[in-house]
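Asker: Predicted model and sequence below, questions to follow.
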Amino acid sequence: METRHPGDGRVSRRTFLKGSAATVAGAALPWLPVPFVAASAADAASNEEEIFGFCDVCSAACALIAHVRNGRIVRLSGNPDCQVARGKLCVKGYGGHRFTYDPDRLKHPMKRTNPEKGPGEDPGWVKIAWDEAYQLVAAGFGDAIRKHGPESIAFFMRSHDYADRLLRAIGSPNRIQHESTCYTPREVIWRACTGAFPWMIDLGPAKYILSFGWDQPAKAKNHQAREFIKALENGAKAVVVDPRYSGTASLSHEWIPIRPGTDLAFCLAMIHVIIKEGLYDREFVANFTEGLDDIASAVRQYTPAWASAITDVPAETITRIAREFGTARPACIPMHKRDASGPNYANSWRLAHAQLVLCALVGSIDRPGGPVFQRTFSMPSFSAVFPVTEPFPAVRKDRADGLEKFPLMASGGRGNFATIANAMLTGKPYPIKAGLVRKYNVLAFPNAPRMTEAFKALDFLAVVDVLPTEIVQLADVVLPETTTLESRGFGPRSYHAHYPQIALRLPASKVLYETKGFGSIVMDIAKAMGLGKYFEGVSSTKWDEARLNAIGTTWQELAASPNGLFGEVRPFTPRTKFSTPSGKVELKSSVLENNGYDAVPVWKPKREEPSTKYPFYFLITRPPMHRMTTSQNDARLIEVYPENFLDIHPETAAGLGLKDGDLATVESRAGSIKIKVRLTQGIRPDCVCTDHGFGRWARQLTVAYRRGANDGDLIPDMTIEESLAIGDPGLGACMTDFCVSVKKA
Amino acid sequence: MSPSSPTWKSHALGYLSEAFSDVIDPQRYSAFSTSTLAMREAPSPVMQALEAMAGISTGAVDKAREELQLEYARLFLTPGGLYPYESMYLGKEGHLMDEPYEQVRRFYLEQGTAVAPGQLHPEDHLAVELGFLAHLWSQDQVEAYYRFCRQHVLAWVPRCMEDLKAKTRSGWYQALADLVLAVLEIEAGTLLEVS
């Protein structure tokens, strides 16, 4: 019957029946019915409880309270003392328990019996024991190592201390992360010019909020929506520069429908005006920045009239916005992931640099009302707590995705989503033959169909996940993971942290089915591969305790916290020293210069412009009810937002013979999709736009299956050489730097 | 409603709980379907269902094991198959651990009992509810047995079994579903008589 699970409190029913005098029903029978025992006092007493936790819908990790009644979570609420949540969650966060209770969840380890893979193929799953699953993973990886070397194994996942150590123990450099499709062009600029990356945008005190495609209030980012509204209530002016009339634009005072990918020209002209008219914060610039003269020289040519021709925005508007931005204090350019300075265009990193210069000119960097470096606790590293007793094997420096060729990104070890498909399919620079994926979806890669072929081409693929998503359908072995609400731990406040604060998470639900935590899965894989020596003494409880001790508390103390939080409110002290070679905000970056990149922002156009064949710009956004590719199987959220559409201007649609609701074929140089048209005045006539997260082909996602279309099918992937040719130090994936054709399907 | 007479009921419910809790073991299926002595007092519809099971369970055990592994995963582990949880049939939210889960768990507690630790299925899973019936009957808790039948099992398991018959490609599960339906029809008839 069920497998024994040492250490996790589960026993097989056969074992239980042998050992338990309390069992009644089965004792006299030759059968093994589910056994019942006398209820304990704890069973009877645990009627209503409030369990502290934090959300994992996004990395803001709002602290929450799970309201548990008779053993089930009946609702979630925001923790009022958490500086991120402030008593609220977003629409996705409130439904976190529905993810845990999704009937389609992966319940047991499984292996496929049908060697054919891909959309439309039934994997022919059979349930297996965890031990068999680990043996299959060890065999699959072992085979790849013997035939092609350890570098032929790639992990596709966010950084995870246990998994990172396993990969090092295997001897492969290839951990592939998603950030090149998310925010790295901006991150690399901020790290170069300020030495850090401000995840926090302190919008509340701002008097002027100028957004370039930033739309977090309409993407239901809890704390950013709250702070944005607070600023408006305090009299701030909000201006949105965006080719589409976003939700944030609808809340703002002014919408400027800019030509896609030209925000850089707009910002360069703003810098031009602010410097020329002396509107900048002289004290901040003099005390905390370097390079104003270089910037002034670089932008001399970028007049509003020049920018107007590029951006489609009148010169007077650019001048007016520059003056408003330059004279309102505090003024802020909010930024988060896939806005204009995310990895959307070949010039997004230059835009990020120009935006940084603008924030510095108005003195809002790490000041109330501006981009702020989050205040967090300093904790020991995994290696410091669990040093290895045996050296790791040598690892080759060149990676399958070419990451080492990007000097400012290489040290982080994160990969390039845009180049890995080509590497896997061509075997260049070397073959990738086996993979371990954790909670990444193949639909999220540029050119998803090509990436699907790349995963299919692997000799062995193991997938750790919660739901039977598209990547799970391609797996040879499936390893089911627990959800956040079934696990314990603690987490920092990162996206909105005025002061260091951590949130406690206790299990609000018992672990359902035969699922396991990822750390435990990794260690068991290591043992099965004969690499257990790299994890000697490692345990999650010791890991938690060591980090908590370092910040002056213990697990016991945290678990007993009356509000599930640790960290005293501290006054905000603005940063006066920056972690750059000069100790100042380097408007002209020595780091960029020393690595062969333009040290100041200069105008370069985006990669692709409309053509006869592909006449429309393509935009991508996210609806407030959905989170990437993870929420579309939630029946409640789907009821509210059931599919994605192609948003198109009525005049454009009329010219194409399209009516609202018609099915259209959208084609790029990478591929094509079929999607229903939705007419809206809120988009430039030369643009079309859709939401990410749809177009699901996994039949086993019974709610999400066949709703809408996947934007990723249109996004071109790249060779390493093509990625290098873009010249982005942050290896941005150019997620919308291509154009499309649209016609009636 | 004699508390102690038909031991066939404990026997049948005990096996059905086992059969729905994991992949069917063909040898144990065969052993149950031929346990006519233990089932001798069962009403004729139940005996007919048992005979049908016996007719299915002959043949190569290894091949059957493989077929049953695939069918179990297809029916119970891969979405689009069967969701044998009371929450999915009687709940309002369309997900597991809904209000019916709570009611079922409370029912167990009111009888002074709980599912033994370490079990993989939630309290409102088909195998658990059938196991609870087996437990109640063997404990002579007749009133609670029929109350649980009326309030819970009869409210959703017949529909679940019809769904099983419609979705399965396997004669093994067809026969198993027929046996469950036969047993529950008798219990429904008994409840009707009493009312």
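Answerer: Looks like it arrived, so ask away.
Asker: In chain B, what residue spans correspond to strands?
Answerer: Using DSSP state E, the strands found in chain B span residues B:113-115.
Asker: Let me know how buried the residue in the stretch 51-200 of chain A positioned nearest to chain B is, in neighbour terms.
Answerer: The minimum distance from the stretch 51-200 of chain A to chain B, using Cβ to the nearest Cβ, falls at A:Asp104 (3.7 Å). Quick note: C-beta positions are derived from backbone N, CA and C, even for glycine. Using other Cβ atoms under 10 Å in any protein chain shown, A:Asp104 has 24 neighbouring residues.
Asker: now the one 3 residues further on
Answerer: Neighbouring residues of A:Lys107 were enumerated by other Cβ under 10 Å; the total is 19.
Asker: Could you find the closest non-adjacent residue to it?
Answerer: Nearest residue to A:Lys107 in three dimensions, chain neighbours excluded: A:Tyr513, at 3.8 Å (Cβ to Cβ, 6 or more residues apart in numbering or on different chains).
Asker: Poorly predicted segments of chain B, please.
Answerer: Residue ranges of chain B with pLDDT under 70: B:1-6, B:58-59.
Asker: any chance you could map the helices in it?
Answerer: Assigned by DSSP state H, chain B shows helices spanning B:8-21, B:26-33, B:44-56, B:61-72, B:86-90, B:99-110, B:126-138, B:142-148, B:154-167, B:171-194.
Asker: do the fourth one and chain A meet at all?
Answerer: Yes - part of helix B:61-72 sits close enough to chain A to count as contact by Cβ under 8 Å from any Cβ of the partner chain, namely B:69-70, B:72.
Asker: Ok, the last one next?
Answerer: No - under the criterion of Cβ under 8 Å from any Cβ, helix B:171-194 makes no contact with chain A; the nearest approach is 13.3 Å.
Asker: Which strands and helices lie in contact with that helix?
Answerer: helix B:8-21, helix B:26-33, helix B:44-56, helix B:61-72, helix B:142-148, helix B:154-167 (3 or more Cβ pairs under 8 Å, 6 or more residues apart in numbering or on different chains; DSSP states H and E).
Asker: a helix runs through the residue nearest to A:Lys107, doesn't it?
Answerer: No - counting by DSSP: H, G, I helix; E, B strand; the rest coil, one finds A:Tyr513 to be coil, located in no helix.
Asker: And A:Pro624, how close does it get to A:Glu390?
Answerer: Using Cβ to Cβ, to the nearest Å, A:Pro624 is found at 50 Å from A:Glu390.
Asker: More neighbours: which of these two?
Answerer: When A:Pro624 and A:Glu390 are compared for neighbours, A:Pro624 comes out ahead with 20 against 9, by other Cβ under 10 Å.
Asker: what's the pLDDT at that one?
Answerer: We have a pLDDT of 90 for A:Pro624.
Asker: With chain B as the reference, measure out to the closest residue to it other than its chain neighbours.
Answerer: Using Cβ to Cβ, 6+ apart and skipping the chain neighbours, the partner closest in space to A:Pro624 is A:Ala220 (3.8 Å). For A:Ala220, the distance to chain B (Cβ to the nearest Cβ, to the nearest Å) stands at 21 Å.
Asker: now do A:Tyr597
Answerer: Distance, A:Tyr597 to chain B, using Cβ to the nearest Cβ: 48 Å.
Asker: That residue reaches A:Gly727, doesn't it?
Answerer: Yes - applying Cβ atoms under 8 Å, one finds A:Tyr597 in contact with A:Gly727, separated by 7.3 Å.
Asker: Just give the number of residues close to A:Ala400.
Answerer: By other Cβ under 10 Å, neighbour count at A:Ala400 equals 26.
Asker: give the contact list for it.
Answerer: Contacts of A:Ala400 were listed using Cβ atoms under 8 Å, 6 or more residues apart in numbering or on different chains, and they are A:151, A:154, A:174, A:176, A:420, A:423-424, A:429-430, A:432.
Asker: just the buried members of these?
Answerer: A:151, A:154, A:174, A:176, A:420, A:423-424, A:430, A:432 (16 or more other Cβ atoms under 10 Å in any protein chain shown).
Asker: quick one: contacts for A:Met157?
Answerer: A:163, A:175-177, A:436-440, A:464.
Asker: Show me the buried ones among the contacts of A:Ala400 that map onto helices.
Answerer: Using DSSP H, the members of the buried ones among the contacts of A:Ala400 that fall in helices are A:420, A:423-424.
Asker: List just the nearest of the residues you listed to chain B.
Answerer: Using Cβ to the nearest Cβ, the shortest approach to chain B within these belongs to A:Met424, at 27.0 Å.
Asker: What pLDDT is listed against the spatially closest residue to that closest one that is not a sequence neighbour?
Answerer: The shortest distance from A:Met424 to any residue other than its chain neighbours is 3.8 Å, reached at A:Ala454 (Cβ to Cβ, 6+ apart). In this model, A:Ala454 is scored at 98, pLDDT.
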